[in-house]
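1. Pasted the sequence and its predicted model underneath.
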Amino acid sequence: GAVVSQHPSWVICKSGTSVKIECRSLDFQATTMFWYRQFPKQSLMLMATSNEGSKATYEQGVEKDKFLINHASLTLSTLTVTSAHPEDSSFYICSAPQGGTYWGYTFGSGTRLTVV
Amino acid sequence: AQSVAQPEDQVNVAEGNPLTVKCTYSVSGNPYLFWYVQYPNRGLQFLLKYITGDNLVKGSYGFEAEFNKSQTSFHLKKPSALVSDSALYFCAVRPMEYGNKLVFGAGTILRVKS
């Protein structure tokens, strides 16, 4: 089945530094990638939608300059948390929709970000 | 507004007993419906989906769900629960007018005790 590989699985960084999270579609072309943020024991909050070859679309209230999203190719989308602060600590998950005979979504394994 | 409700924060069931995790939705049109399971510090794993056709959908790990259009529900069920089923379960809906975006319920923690 389709796989989205997300790295790193966990990362600890110092306040003020930037962290990049990568999501790669391994066996299909992901023209769209959704980026979610999840707080402990809570649901997923959609942050933004990236589309290959165009600018990402951010949900209301999400800071574009803090959460930089790039969709460089049909198999790679990245989320960079810039000038991270402790309140950015969270679990980040990517997801790619698929059409065709299999209609659904494939999720990455998530990234646990801790900012100290 | 498009929304998904999972009315129970937590469901407790004894191993071997049937389980039900409830989901109702409020969307216009004919939505696509999904159930996902999440284990701690992991991404979401697909269980099953309803797109069209038979209202009873069978999915992974012995789970099934019934689409009820009149009640706008899509409850997740399993005839015999396992301890390993303990996890966080999400119901999600893709409203037709939202493009490919998913709307998630708040999630339900399932605890299966031996």
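-> That came through, no problem.
2. how about the helix or strand B:V93 falls within, does it reach chain A?
-> Under the criterion of DSSP states H and E, B:V93 resides in strand B:87-94. Yes: in terms of C-beta under 8 Å from any C-beta of the partner chain, part of strand B:87-94 sits within range of chain A, namely B:L88, B:F90. Bear in mind the C-beta positions are built from the backbone N, C-alpha and C, glycine included.
3. cool, and stretch B:58-65?
-> No: figure legend: stretch B:58-65 not in contact with chain A (C-beta under 8 Å from any C-beta); closest approach 10.8 Å.
4. centre of the chain versus that stretch, how much separation?
-> 10 Å (C-alpha atoms, centre = their mean, to the nearest Å).
5. Give me the contacts around it.
-> B:33, B:35, B:45-50, B:56-57, B:74-80, B:85 (C-beta atoms under 8 Å, 6 or more residues apart in numbering or on different chains).
6. contacts with chain A among those residues, please.
-> With the criterion set as C-beta under 8 Å from any C-beta, the members of the contacts of stretch B:58-65 near chain A are B:Q45, B:F46, B:K49.
7. Quickly list what the closest residue to the last one other than its chain neighbours is bridged to.
-> Distances taken as C-beta to C-beta, 6 or more residues apart in numbering or on different chains place B:F34 nearest to B:K49, at 4.8 Å, with adjacent residues excluded. According to DSSP bridges, the residues that bridge with B:F34 are B:K49, B:A92.
8. Would you quantify the distance from B:F34 to A:G104?
-> 7 Å (C-beta to C-beta, to the nearest Å).
9. do A:D88 as well
-> 29 Å.
10. again with B:L44
-> As judged by C-beta to C-beta, B:L44 and A:G104 stand 11 Å apart.
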